[in-house]
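>>> have a look at this prediction, sequence included:
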Amino acid sequence: MQTRGGSFGSLEEGKEAINVRTLNQSTRPVPVRLLQFILLLLGLGIAFSFLSLYLSRSLSIPGTVFQSMLLQPCVQESTTLATWIKPPSNLLHEMNDTELFWRASHVPVIRHYPFERIPKIAFMFLTRGPLPMSPLWEKFFRGNEKLYSIYVHSSPSYYRPDFALSSVFYGRQVPNQVVEWGKMSMCDAERRLLANALLDISNEWFVLVSEACIPVQNFDTVYQYVSRSWLSFMGSYDDPGPYGRGRYDENMTPEVNLTDWRKGSQWFEVNRKLAVNIVKDTVYYPKFEQFCRPACYVDEHYFPTMLTIQTPHLLANRSLTWVDWSRGGAHPATFGKRDITDNFFKRILDGEPCTYNNDSTKLCYLFARKFAPGALDQLLEHSFDFLGF
């Protein structure tokens, strides 16, 4: 019994010993060095606060300056005027049509520009695939880089044409969608081209051409003719026959009445004001989309009718692009290598007179179509003789 009691007593003594050591360890004081370090940091913080307060008062520097110095990002976004007027470096943006048209419809309300603005012509190429006449256009544009810009809308299946880095067409593709002949998607593509071109504030005039179009005057003549004109060149006439008024649908009232109905060439030139009107339209678009479908070809009626209603005094009511409909059919004549002669171009350039700024002139056409790819070599060889460049 004593042995068991002795054993029990020794365990209790050991337990008490452990408790004493634990109590002693938990009440050990904080090391002096650690306390000194904490007090040093506290003192530095207080001293820095007083120093900042003194400097801000004595030097009249707002406290926010110190905050901006401390919080200033590594890379700052430029907020100069140049960032607002610089055209997009990459045309392949990710905006949809609604966003694009909204952005493009922004118009400065102050008439005079606060910077030196050189007005340009935007050449808008609406194509199905490649641009076989691009070498001729390259020759036409050469030496006039500050006076034009280029935009290309092609079929999605031909989204990125293989142009050389040195080509004026390189990187000029805009986001595109499928286009069906004679349907509203054709006008959508034209509005898309206009909207992308409007993003460059320097573009003042907008010319729509196709892959089968060629210039029939040199660049200087084209620029002077377009820039000095009082009017925009869009065909708009009242055709009383089955292919004019015969395509009108009474459901288009009251926005479009029969007396408003107009027809014109798809290939146009408009100034910046009319380009914005086309892009921002939400009044006439639904009517034409719903009630002008084949055999009503909307690209022949939508823009001419809308602009005749809105701004008839700004239209020349003729196109700058020559075409030959004498062979009949749904499409104009196409010309090949054998057609490229001096007499052929005299027929284009010396035809019936037209009106330009209220004066009669024989200089009526700046472009012509349709030309087959096989005509390119002959056109390049005789471009100076026939076309002046």
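Thanks, I have it.
>>> where along the stretch 101-250 of the chain do the helices fall?
Assigned by DSSP state H, counting those that start in this stretch, the helices in the stretch 101-250 of the chain fall at 134-141, 184-198, 219-227.
>>> do you know which of those helices lies nearest residue 289?
Taking C-beta to C-beta, helix 184-198 is the member of the helices of the stretch 101-250 of the chain nearest to residue 289, at 4.7 Å. Backbone N, C-alpha and C define where each C-beta goes, glycine included.
>>> for the biggest helix by length in the chain, packing partners?
In the chain, with assignment by DSSP state H, the single longest helix is helix 32-58. If you count contacts as 3 or more C-beta pairs under 8 Å, 6 or more residues apart in numbering; DSSP states H and E, helix 32-58 packs onto helix 63-71.
>>> show the subsequent helix or strand relative to the helix it packs on.
Per DSSP states H and E, the first helix or strand lying C-terminal to helix 63-71 is helix 81-85.
>>> who's in contact with that following helix?
With C-beta atoms under 8 Å, 6 or more residues apart in numbering as the test, helix 81-85 has contacts from 114, 115, 201, 202.
>>> of those residues, buried ones?
Among these, the ones that count as buried by 16 or more other C-beta atoms under 10 Å are 201, 202.
>>> picking up where we left off before, next, the buried residues of the longest helix of the chain.
When burial is assessed from 16+ other C-beta under 10 Å, helix 32-58 yields no buried residues.
>>> what do you get for stretch 170-189?
Neighbour-count burial for stretch 170-189 flags 172-176, 179, 182-189 (criterion: 16+ other C-beta under 10 Å).
>>> related to what we said a few turns ago, next one: the longest helix of the chain to chain centre, how far?
57 Å (C-alpha atoms, centre = their mean, to the nearest Å).
>>> wait, isn't residue 230 in contact with residue 315?
No - counting by C-beta atoms under 8 Å, residue 230 stays clear of residue 315, with 10.7 Å between them.
>>> which one of these two has more residues nearby?
Remark: of residue 230 and residue 315, residue 315 carries more neighbours, 22 against 11, as counted by other C-beta atoms under 10 Å.
>>> so that one touches residue 231, yeah?
Yes - in this structure, residue 315 is within contact of residue 231 by C-beta under 8 Å, at 6.1 Å.
>>> look up how far residue 300 lies from the nearest residue to residue 351 once chain neighbours are set aside.
For residue 351, ignoring the flanking residues on the chain, the nearest one in space by C-beta to C-beta, 6 or more residues apart in numbering is residue 364 at 6.9 Å. Going from residue 364 to residue 300 by C-beta to C-beta, to the nearest Å gives 20 Å.
>>> dump the residue contacts of residue 254.
So residue 254 contacts nothing (C-beta under 8 Å, 6+ apart).
>>> so it sits in a helix?
No - with DSSP: H, G, I helix; E, B strand; the rest coil as the criterion, residue 254 is assigned coil and is not in a helix.
>>> distance of it from residue 298?
19 Å.
>>> one more: residue 213?
21 Å.
>>> same question, residue 383
Taken as C-beta to C-beta, the span from residue 383 to residue 298 is 35 Å.
>>> more neighbours, these two?
Each of residue 383 and residue 298 has its neighbours counted (other C-beta under 10 Å); residue 298 has more, 23 against 19.
>>> so that one sits right up against residue 182, yeah?
Yes - here residue 298 reaches residue 182: they are 7.1 Å apart, a contact under C-beta under 8 Å.
>>> what about residue 227, how many neighbours?
By the criterion of other C-beta under 10 Å, residue 227 has 14 neighbours.
>>> wait, it touches residue 120, no?
No - here residue 227 does not reach residue 120: they are 9.7 Å apart, not a contact under C-beta under 8 Å.
>>> got any residues that touch both of those two?
With C-beta under 8 Å, 6+ apart, residue 227 and residue 120 have common neighbours 204, 205.
>>> how many neighbours does residue 364 have?
Residues within reach of residue 364, counting by other C-beta under 10 Å, total 20.
>>> which residues are in contact with it?
By C-beta under 8 Å, 6+ apart, the neighbours of residue 364 are 318, 320, 322, 351, 352, 353, 354, 356.
>>> the second one: neighbour count?
If I follow you right, that is residue 320. 27.
>>> over to the fifth one?
By the other C-beta under 10 Å criterion, the neighbourhood of residue 352 contains 6 residues.
>>> that one: which element?
Using DSSP H and E, no helix or strand contains residue 352.
>>> so the closest residue to it other than its chain neighbours versus residue 316, what's the distance?
Once flanking residues are discounted, residue 352 sits nearest to residue 364: 7.6 Å by C-beta to C-beta, 6+ apart. Distance of residue 364 to residue 316, computed by C-beta to C-beta: 10 Å.
>>> same question, residue 120
20 Å.
>>> compare these two (neighbour count), which wins?
With other C-beta under 10 Å as the criterion, residue 120 and residue 316 differ in neighbour count, and residue 120 comes out ahead with 23 against 19.
>>> how about that one, what does it touch?
With contact taken as C-beta under 8 Å, 6+ apart, residue 120 is in contact with 146, 147, 148, 149, 200, 202, 203, 204, 205.
>>> export the residues you listed to JSON lines and tack on distance to residue 39 and pLDDT?
Output for the contacts of residue 120, formatted as JSON lines (distance: C-beta to C-beta, whole Å; pLDDT from 0 to 100):
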{"residue": "146", "distance to residue 39": "70", "pLDDT": "96"}
{"residue": "147", "distance to residue 39": "74", "pLDDT": "98"}
{"residue": "148", "distance to residue 39": "74", "pLDDT": "98"}
{"residue": "149", "distance to residue 39": "69", "pLDDT": "98"}
{"residue": "200", "distance to residue 39": "65", "pLDDT": "96"}
{"residue": "202", "distance to residue 39": "66", "pLDDT": "96"}
{"residue": "203", "distance to residue 39": "69", "pLDDT": "98"}
{"residue": "204", "distance to residue 39": "72", "pLDDT": "98"}
{"residue": "205", "distance to residue 39": "76", "pLDDT": "98"}
